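[1] Here is my input; please provide its structure:
(3 chains)
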Amino acid sequence: MKASSMTARTLDTFARMSIGRAFASGIGMVAGGFLILLVLVAIFAPWIAPFDYAAQNLMNANAPPGWPHLLGTDEFGRDVLSRVIFGARTSLSVSATAIAISMAAGMTLGAAAGYFGGFFERAVMTVVDLTWSFPDILIALIFVAIIGPGLTSTTFAIAIAYLAQFTRLTRAQIVRLKRETFIEATVNLGANPSHILLRHLMPNAIAPVIVVGMLAIGDGIVLEATLGFFGLGAQPPTPSWGAMMSSGTAQLFLSPWVIIFPGVAVAVTVIAVNLFGDELIRALDIRDRLRGA
Amino acid sequence: MLSVRDLGVAFGAVEPLSGVSFSVEKGETIGIVGESGSGKSLTAMSVMGLLPLIGGRITGGKIVFDGQDLTDLPERAYRKLRGGRIGLITQNPMTSLDPLKKIGPQVDDVARLHLGMDATQARARTVEILGTLRIPEPALICERYPHQMSGGMKQRIVIAMALAADPDVLIADEPTTALDVTVQAQIIRLLDDLVKQRNLALVLITHDMSVVAQTCDNVVVMYAGRAVEYGPVETIFDRPRHPYTQALIACIPRGLEETARLTGIEGTVPTVINYPKGCPFHPRCARAEAICATDPPDFSVEGDSAAACHFAEVAHAQPA
Amino acid sequence: MILRYTFLRLLMLIPVSFSISVVIFMIVYLLPGDPIDNLLRVGSSPEDRAELVAQYGLDRNLVIQYFVWIGNMFQGEFGQAIVLRRPVADLVAQNLPYSLTLGGLAFLFSSTVGMTLGTISAVVRHPVLDRFMRGFILLGSTVPGFWLALLLILFFSVNLGWFPVSGAGGWTSLVLPVLTIGFGGVALVARVTRVALLDAQREDFVTLLHAKGLSSGTILFRHLMPHALLPVVTILALRIGWILGGAVTVEFVFGRPGLGSLLIRALGQRDYPVVQACLLMLALAVMLGTLIGDVAQASMDPRIREKKS
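    A predicted model of the protein is given here:
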């Protein structure tokens, strides 16, 4: 109980101090502002989108950008802008959920490996390093191949693809902090190990992991789009940026806007995530700690 | 052979070095002494023409080498002097050799560059020089990598590099600081022998007054980027007139019975951004009076030596 | 010295390749349903089934099955493709050259262009150039590969008609795929080269190199570049796996044959013998990549050579 309140407090301080500082720079403000806007758009999609994302109108298929379809229509005459807006929902929620799962699992594994050491650590790290050396898209593909396409398996595939990253990073932090604080703490207080791990090591290890998690949401969005593009992610008629581009390839010559706009959405979102993440790293001054893992 | 007159160095708006003068002839050693941060290494970099490398520039004064002013020498001509007629020995032998290259080629470079030798001739010369520096099995050493050798051995390699083109002037910037005490003595003796055998002019930069006493003919004491006292070694040690010089000499341990009285100098060297007004040493000086905080002292010349202290006339009467 | 080092690294790969092969072997068993059905075409005769059981020892325990399987793999016996009804070995042999050409060219492209850009930006150090590099690196590491591929097709193939839209005929069909895969690689390599060169410039020994009278150019190419190459080689070696991964999407978009498109197709058709063979080949490439990286690094840095051997 104590541990969770402690973690919450650290997170709270973290949030107030560093996010504030990241916003303080010009780039940080633009990127952060865009991300907040995007989240709001995703949440209020039904009120913002000008059309029903699934409403087909074959009479008006492949219409170029103009009025009333600002970004044009696809091969079924569906409004591209509305689909991009609803696609933000899918992309953000799938990626964020996946990264949250990945982070929770990775931190648990990494903390346990770093803390207990010995055979357990070696076994965990061997498997983790193994997946680490494989491209994320391959790992996700294998996973989807085994349990079948869909948004749920996409979520888990993304979570597994980035698990290694969080495990490695958390372990590196814990090992480093153990070296720095463990002796001092035990000598001074005679405290028990789980107490040290949860109350002192985890909160300290958390900041870099959260920043990497933030950056990983960007990677997750790209991965979700890629799986969607292969037709292995969101199934019709659910709008997703990747799936939109997948169906668009057939119409590449006829209506390129069907591909261009969802791609712009992915690219701009990921760039904003990266810029804001960079500002966070600078604000927290943890570049060196990220390098070690 | 080499004479520096009123040298000033600036990095952007800050001026960490000003008014430094000294000169040295062949067969002589001049010591430049001071604590770290006093501008000794900057002096070395200025003479080597390497200030642009660290972002600095010369703001005034002359560096005259063999009758030629180096301050406005073009880079191409300067490259012929560097390593050719002026050799440099740096502080930390651990990091001063390229770790990815064998010892031999690193030394060979100098003879190939400045003496126009081919690879075989240059290697023969390298082996010969390593031999004269009392390095065992020089031919084998050439095939080794820097990380396979001790600090003292590496410093000898660096010295060999500086000597390979038979220079007229050798600048040694704290050549022994990073070494063990016994090795320190060997390297200092080696440098001293080289000056005599090869008729070199040696500029020895150090923070250790005892090294100066052993090897130098003349000495310049530096503090906060300026020379505060200079003159022949005997004079300076017999009658130090600047309180800072007196303090430095007092720091030399003189045998076992006196180690208990081993003193350091209180306070720290000011950094470039907060050089004090007036005499730069006044905040740490036991003798400072009101005038020291306001007026920079001029040199008070006495025979061959001079000290920049308002109380230079009386100071030596009562050494600290 | 370097041979011994290589040998030791090879030994260290044995446990790694063992674990990877076990994971790939297990895929068939992790799938829902009877593993033998997963390996058989729907509507196969009982004879087909018996033959498969005999070939893989499927009636015996898992450990023996694994060794039979890996033994077959070592002899190039990848089995029979379920959907395509051809020996998997033929399929792999047919597709591998395309992947190697594409991967090799993309690798060359990203390493040469990336190192050149990185070196220029480290040596010139101009604020405008810095901002340009920063933007380029950001784009290179964030833009999804398949989308970039589609944009390139749209612009160069559809609008300008310079290159074929898809397929693998002639060198023109390679230009856009290589650019697509190389783009991210160029950005990464440029960044690593730049940082490594700036770090190397700050080393103590550089002062002494100047003091020897060497010219800045000589110092850059003979002394600083080798130092900068150490981290670049590590990244490039790791990159081999990522280039093959990137090739998966790019081959698909450009409709090129290759291991990547073979894998995607096999995954879609649940043709597991093909999936297993493709994964094994890709894993092998990733491991070879890290091995090459380690050995290249050791051949450049005497300190590493000695530490590990």
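
[2] tell me which element B:Pro240 is part of?
    Assigned by DSSP states H and E, B:Pro240 belongs to no helix or strand.

[3] host element of the nearest residue to it once chain neighbours are set aside?
    Excluding the flanking residues, the one nearest B:Pro240 by CB to CB, 6 or more residues apart in numbering or on different chains is B:Gln246, at 4.6 Å. Just so you know, the C-beta spots here come from the backbone N, C-alpha and C atoms, and that holds for glycine as well. Assigned by DSSP H and E, B:Gln246 falls within helix B:243-250.

[4] Please identify the next secondary structure element, helix or strand, after that helix.
    strand B:299-302.

[5] how near is the residue nearest to B:Pro240 to chain C?
    Separation of B:Gln246 from chain C (CB to the nearest CB, to the nearest Å) stands at 34 Å.

[6] Then B:Thr90?
    Remark: distance between B:Thr90 and chain C (CB to the nearest CB) = 6 Å.

[7] repeat for B:Ala247
    Distance, B:Ala247 to chain C, by CB to the nearest CB: 30 Å.

[8] re the thing from before, what's the spacing between the residue nearest to B:Pro240 and B:Ala312?
    From B:Gln246 over to B:Ala312 the distance is 11 Å, taken as CB to CB, to the nearest Å.

[9] if we can go back for a sec, list the helices and strands the helix holding B:Gln246 packs on?
    strand B:218-223, strand B:226-232 (3 or more CB pairs under 8 Å, 6 or more residues apart in numbering or on different chains; DSSP states H and E).

[10] Present these as a markdown table; the columns should include mean neighbour count, mean pLDDT and distance to chain A.
    Below are the helices and strands packed on helix B:243-250 laid out as a markdown table (neighbours: other CB atoms under 10 Å in any protein chain shown; pLDDT from 0 to 100; distance: least, CB to the nearest CB, whole Å):
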| stretch | mean neighbour count | mean pLDDT | distance to chain A |
| --- | --- | --- | --- |
| strand B:218-223 | 25 | 92 | 36 |
| strand B:226-232 | 24 | 90 | 37 |
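
[11] and of these, who's closest to C:Ser299?
    strand B:218-223 (46.3 Å; CB to CB).

[12] helices or strands next to that closest one in the packing?
    strand B:14-24, strand B:29-33, strand B:226-232, helix B:233-238, helix B:243-250.

[13] and the helix ranked longest in chain A, what does it pack onto?
    Using DSSP state H, we find that the single longest helix of chain A is helix A:80-116. Applying 3+ CB pairs under 8 Å, 6+ apart, we find helix A:80-116 packed against helix A:26-43, helix A:45-48, helix A:118-132, helix A:151-177, helix A:202-229, helix A:241-248, helix A:257-284.

[14] Recalculate using a threshold of 10 Å.
    Using 3 or more CB pairs under 10 Å, 6 or more residues apart in numbering or on different chains; DSSP states H and E, the elements in contact with helix A:80-116 are helix A:26-43, helix A:45-48, helix A:118-132, helix A:151-177, helix A:193-195, helix A:202-229, helix A:241-248, helix A:257-284.

[15] Flag every buried residue along it.
    A:80-92, A:94-99, A:101-103, A:105-107, A:109-115 (16 or more other CB atoms under 10 Å in any protein chain shown).

[16] hey, which of the helices and strands packed on helix A:80-116 is tucked in deepest?
    Burial of the helices and strands packed on helix A:80-116 is given as mean neighbour count (mean count of other CB atoms under 10 Å in any protein chain shown); helix A:241-248 ranks first at a mean of 26.

[17] what angle do that helix and helix A:257-284 make?
    Counting by axes from the mean of the first three to the mean of the last three CA atoms, to 10 degrees, helix A:241-248 lies at 160 degrees to helix A:257-284.

[18] quick one: average confidence on helix A:241-248?
    Mean per-residue pLDDT for helix A:241-248: 81.

[19] now stretch C:255-274
    83.

[20] Do me a favour and get the end-to-end distance for that stretch?
    Using CA to CA, to the nearest Å, the end-to-end distance of stretch C:255-274 comes to 19 Å.

[21] Same check on stretch B:284-304?
    27 Å.

[22] so for that stretch, what's the average pLDDT?
    83.

[23] Likewise for stretch A:279-293?
    68.

[24] again with stretch A:37-51
    85.

[25] First-to-last residue distance for it?
    20 Å.

[26] residues making contact with it?
    A:52-53, A:57, A:68-70, A:73, A:78-93, A:96, A:239, A:265, A:268-269, A:272-273 (CB atoms under 10 Å, 6 or more residues apart in numbering or on different chains).

[27] in the stretch 1-150 of chain A, what residue is nearest chain B?
    The stretch 1-150 of chain A approaches chain B most closely through A:Ser25 (24.8 Å), counting by CB to the nearest CB.

[28] Count the residues that sit near the nearest residue to C:Leu62 once chain neighbours are set aside.
    Using CB to CB, 6+ apart and skipping residues adjacent in sequence, the residue nearest C:Leu62 is C:Tyr29, 7.6 Å away. Here the number of neighbours of C:Tyr29 (other CB atoms under 10 Å in any protein chain shown) works out to 11.

[29] quick one: average confidence on stretch C:227-247?
    79.

[30] For it, buried residues please.
    Per 16+ other CB under 10 Å, stretch C:227-247 contains these buried residues: C:227-247.

[31] Stretch B:62-79 too?
    For stretch B:62-79, a neighbour-count test (16+ other CB under 10 Å) marks B:63-65, B:70-71, B:73, B:78-79 as buried.

[32] Closest one of those to A:Ala140?
    B:Arg79 (56.1 Å).

[33] Quick check: next helix or strand after the helix or strand where that closest one lies?
    B:Arg79 is part of helix B:75-81 when elements are defined by DSSP H and E. Remark: after helix B:75-81, the chain's next helix or strand is strand B:86-89, criterion DSSP H and E.
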